[in-house]
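>>> coordinates only, no sequence provided:
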């Protein structure tokens with residue numbers, strides 16, 4: 001894969017202001033009825049840490065995302081990240097041999113064949129070693145910089161509207177998903193959206209479902225920060241008719257009414 005370099009503290013091709021990012025975050029929460037915050041993620045190439053952010057130690061990336069969606073600004077670097085798979089994906093340190101060989105995934109009970117696990121790991125998109133210094137994660141509503149990637153964890157129905165909004169922003173082009181059901185938050189929802197400059201979504205993975213509070217009915221997606229304005233613009237459009245109409249389940253109620261009339265006509 002042709003890896004892209006980080007672009008300082010702003011999302012590529014983004015013309016948003018920080019205030020607009022914050023307002024976009026508020027709109028996403030309000031329109032969809034999110035229970036936690038959409039998260040902005042920045043890839044910092046230098047050692048300068050943002051003011052007011054908590055530097056995490058012994059945390060997985062998915063756990064850092066969990067804290068950010070609950071309202072905290074956090075920083076995660078190569079020393080603080082505890083998940084070896086995510087540490088490798090972000091270019092902080094090499095992948096341990098156990099994971100590289102696929103035997104580690106056999107040990108976790110994820111696969112029964114080490115060759116399958118090895119292939120899963122080999123195909124994992126990743127940053128080059130040393131490409132970034134640390135990760136900055138923050139609720140969009142508290143942004144003080146433009147995110148490279150926006151990550152949202154929520155119930156599937158709510159994320160569906162974000163995917164539709166992104167599809168509209170891309171002129172109707174179908175949205176595809178890429179996942180190994182492994183490294184869902186770090187690779188699927190964060191690295192792929194940045195490196196491939198597109199939305200990606202995942203059903204989650206063993207790691208994030210074991211290590212965070214993500215619900216059984218929740219999943220995750222990520223998209224480039226540069227697409228935030230266009231996504232929110234169409235989300236606002238959807239909120240005027242499509243979202244409330246679908247949530248009333250009017251067509252289902254009509255069907256139930258027909259069932260009732262049919263039952264009455266047959267004396268049931």
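Looks like it came in fine. If you're wondering where the values come from, they're calculated on a predicted model, not measured in any experiment.

>>> tell me where the stretch 51-200 of the chain has strands.
Assigned by DSSP state E, counting those that start in this stretch, the stretch 51-200 of the chain shows strands spanning 54-55, 74-77, 134-139, 149-155, 200-202.

>>> can you put the ones you listed in CSV and add distance to residue 112?
Where C-beta positions appear, they are placed from N, C-alpha and C, glycine not excepted. Output for the strands of the stretch 51-200 of the chain, formatted as CSV (distance: least, Cβ to Cβ, whole Å):
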stretch, distance to residue 112
strand 54-55, 39
strand 74-77, 32
strand 134-139, 33
strand 149-155, 29
strand 200-202, 22
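
>>> now do the helices in the chain.
Under the criterion DSSP state H, the chain contains helices at 18-32, 61-69, 84-89, 97-100, 103-107, 114-122, 156-169, 192-195, 206-211, 228-240, 242-248, 250-265.

>>> winner for burial among those?
Among the helices of the chain, helix 61-69 has the highest mean neighbour count (mean count of other Cβ atoms under 10 Å), at a mean of 25.

>>> where does this structure have low pLDDT?
Within the chain, the segments meeting pLDDT under 70 span 1-14, 267-268.

>>> hmm, back to that, TSV for the helices of the chain, including distance to residue 219?
Compiled in TSV, the helices of the chain are given as follows (distance: least, Cβ to Cβ, whole Å):
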stretch	distance to residue 219
helix 18-32	14
helix 61-69	13
helix 84-89	18
helix 97-100	24
helix 103-107	21
helix 114-122	19
helix 156-169	6
helix 192-195	15
helix 206-211	10
helix 228-240	17
helix 242-248	18
helix 250-265	23
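
>>> can you tell me how far residue 197 sits from residue 174?
The gap separating residue 197 from residue 174 is 16 Å, by Cβ to Cβ, to the nearest Å.

>>> more neighbours: which of these two?
residue 197 (14 against 6; other Cβ atoms under 10 Å).

>>> list the contacts for residue 23?
Applying Cβ atoms under 8 Å, 6 or more residues apart in numbering to residue 23 gives no contacts.

>>> switch to 10 Å and redo it
By Cβ atoms under 10 Å, 6 or more residues apart in numbering, the residues touching residue 23 are 16, 17, 140, 141, 143, 232.

>>> not counting sequence-adjacent ones, nearest residue to residue 112?
For residue 112, ignoring the flanking residues on the chain, the nearest one in space by Cβ to Cβ, 6 or more residues apart in numbering is residue 106 at 6.7 Å.

>>> please read the previous query as pertaining to residue 142.
Excluding the flanking residues, the one nearest residue 142 by Cβ to Cβ, 6+ apart is residue 73, at 6.3 Å.

>>> tally of neighbours for that neighbour?
Neighbours of residue 73 (other Cβ under 10 Å): 19.

>>> now do residue 138
The number of residues packed near residue 138 is 26, by other Cβ under 10 Å.

>>> leaving out the residues flanking it, which one is nearest to it?
residue 73 (4.3 Å).
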